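>>> Compute the structure for the input listed below.
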Amino acid sequence: MRLSTKGRYAVTAMLDLALSSERGPVTLADISVEQGISLSYLEQLFACLRRKCLVKGVRGPGGGYYLGRAAKDITVADIICAVDERVKFNHCEDGFDYQDRTPCLTHMLWDKLSNDIFDFLHGISLADIAERGFTAQPPPSFEERTVGLVM
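Just a heads-up that it's a prediction; the model follows:
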């Protein structure tokens, strides 16, 4: 499973905004140059972010965008949801296979994984990433997971 370009670019642009906030409103042109994201694409993303009050805009000379609330109060999940992205693993929407309408045997497994990922992203704020980066704990090695198991 991969997060779409829309979600990744929205998070990247919001992080750029959070890191640049001390110098005042930031233009989309500046973010475009800094992050290598097309200006027209940023305009589409920021329209969505503005509707969800994650960013606010200032018009005129010296204008641009700034965060709609404190970076500590904006999560990665908030951003992804604002641009209408869904982090989902299951292809079936209602528990049935979309082709022949038979019960999907693994629906609950993939649905749980989707919810766990959403919860994980909901626990990471822009401030978390801006202040110290985000490093996940590496998963335990095979040896660590199998210590004490009888084979």
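
>>> where does the protein have low pLDDT?
1-2, 85-103, 133-151 (pLDDT under 70).

>>> can you give me the helices in it?
5-19, 28-35, 39-51, 76-82, 107-122, 126-132, 142-146 (DSSP state H).

>>> Mean neighbour count and distance to residue 69 for these - can I get that in CSV?
The way it works is simple: take the backbone N, C-alpha and C, and place the C-beta from them, glycine included. Converted to CSV, the helices of the chain look like this (neighbours: other Cβ atoms under 10 Å; distance: least, Cβ to Cβ, whole Å):
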stretch, mean neighbour count, distance to residue 69
helix 5-19, 21, 11
helix 28-35, 16, 19
helix 39-51, 16, 12
helix 76-82, 22, 9
helix 107-122, 14, 15
helix 126-132, 16, 10
helix 142-146, 8, 40
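
>>> which one of the ones you listed lies closest to residue 70?
Checking the helices of the chain against residue 70 by Cβ to Cβ gives helix 126-132 as the closest, at 7.3 Å.

>>> Work out the gap between the closest one and the centre of the chain.
14 Å (Cα atoms, centre = their mean, to the nearest Å).

>>> With distance to residue 66 as extra columns, can I get the helices of the chain in JSON lines?
Listed next are the helices of the chain as JSON lines, based on distance: least, Cβ to Cβ, whole Å:
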{"stretch": "helix 5-19", "distance to residue 66": "7"}
{"stretch": "helix 28-35", "distance to residue 66": "12"}
{"stretch": "helix 39-51", "distance to residue 66": "11"}
{"stretch": "helix 76-82", "distance to residue 66": "15"}
{"stretch": "helix 107-122", "distance to residue 66": "23"}
{"stretch": "helix 126-132", "distance to residue 66": "12"}
{"stretch": "helix 142-146", "distance to residue 66": "45"}
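
>>> Could you say which one of those helices comes nearest to residue 60?
That would be helix 28-35 among the helices of the chain, by Cβ to Cβ, at 14.6 Å.

>>> Now do that closest one: distance to the chain's middle.
Using Cα atoms, centre = their mean, the offset of helix 28-35 from its chain centre is 19 Å.

>>> same deal with stretch 72-89?
That offset, for stretch 72-89, works out to 5 Å (Cα atoms, centre = their mean).
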